[in-house]
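**Q** no sequence on hand, only this structure:
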């Protein structure tokens with residue numbers, strides 16, 4: 001399981017379906033089979049199987065184990081990631097020089113954080129994925145902000161002054 005997965009267009013369409021979203025929400029928290037999911041979601045088993053098959057085909061869930069009892073096999077599923085990211089970033093081009101400076105700094109922070117996240121994206125087996133993701137988020141965010149604290153304070157002062165001046169213009 002990974003911390004995040006950047007979705008393609010087909011995956012995004014699947015995840016935006018309410019029932020599929022609920023399936024993923026349950027499978028982030030725990031490993032479940034189709035019968036358990038059907039009962040929890042109150043969705044008929046044949047409908048759920050079709051959805052699981054499609055979610056697996058498009059790489060949003062994975063089979064984590066198969067139990068065999070006599071002639072029957074039961075598949076257990078887990079979400080492929082804790083976070084699913086839609087790749088929807090509209091490029092911004094601020095006119096204000098302070099806004100441009102702030103955006104450049106935010107972009108640089110995001111790049112540093114993304115590099116740290118990629119290093120730890122694969123969640124180790126046997127660790128709760130939600131706990132791991134939250135702890136990693138705290139580590140990456142806090143460590144990056146502390147590393148850049150002095151620069152952040154300077155830009156914050158400029159941004160605050162610009163914001164106050166903009167608010168005066170509108171009132």
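**A** Everything's here; your move. Being a predicted model, the structure only gives us computed values, none of them experimental.

**Q** where along the protein do the helices fall?
**A** For the chain, helices defined by DSSP state H occupy the ranges 9-15, 18-29, 34-41, 45-57, 97-119, 129-147, 149-170.

**Q** buried stuff in the third one?
**A** In this case it means helix 34-41. Buried residues in helix 34-41, defined by neighbour count with 16 or more other C-beta atoms under 10 Å: 34, 36-38, 41. Using the backbone N, CA and C atoms, a C-beta is placed for each residue, glycine as well.

**Q** from residue 126, how far off is the closest residue to residue 21 other than its chain neighbours?
**A** Across the structure, with C-beta to C-beta, 6 or more residues apart in numbering as the measure, the residue nearest residue 21 apart from its sequence neighbours is residue 15 (6.0 Å). Using C-beta to C-beta, to the nearest Å, residue 15 is found at 26 Å from residue 126.

**Q** okay, these two: which has more neighbours?
**A** The residue with more neighbours, out of residue 15 and residue 126, is residue 15; 18 against 5, by other C-beta atoms under 10 Å.

**Q** any idea how far residue 23 is from the closest residue to residue 44 other than its chain neighbours?
**A** Using C-beta to C-beta, 6+ apart and skipping the chain neighbours, the partner closest in space to residue 44 is residue 38 (6.8 Å). Separation of residue 38 from residue 23 (C-beta to C-beta) stands at 10 Å.

**Q** overlap in contacts of the two?
**A** Between them, residue 38 and residue 23 share these contacting residues under C-beta atoms under 8 Å, 6 or more residues apart in numbering: residue 48.

**Q** grab the most central residue of this protein for me.
**A** residue 83 (2.1 Å; C-alpha atoms, centre = their mean).

**Q** for that one, list the residues it contacts.
**A** When contacts are counted by C-beta under 8 Å, 6+ apart, residue 83 touches 3-5, 133.

**Q** nearest to residue 77 among the residues you listed?
**A** Closest approach between those and residue 77, by C-beta to C-beta: residue 5, at 15.1 Å.

**Q** wait, the closest one touches residue 62, no?
**A** No. With contact taken as C-beta atoms under 8 Å, residue 5 and residue 62 are classed as non-touching, separated by 11.1 Å.

**Q** what touches both of the two?
**A** Overlap between the neighbourhoods of residue 5 and residue 62 consists of residue 80, taking contacts as C-beta under 8 Å, 6+ apart.
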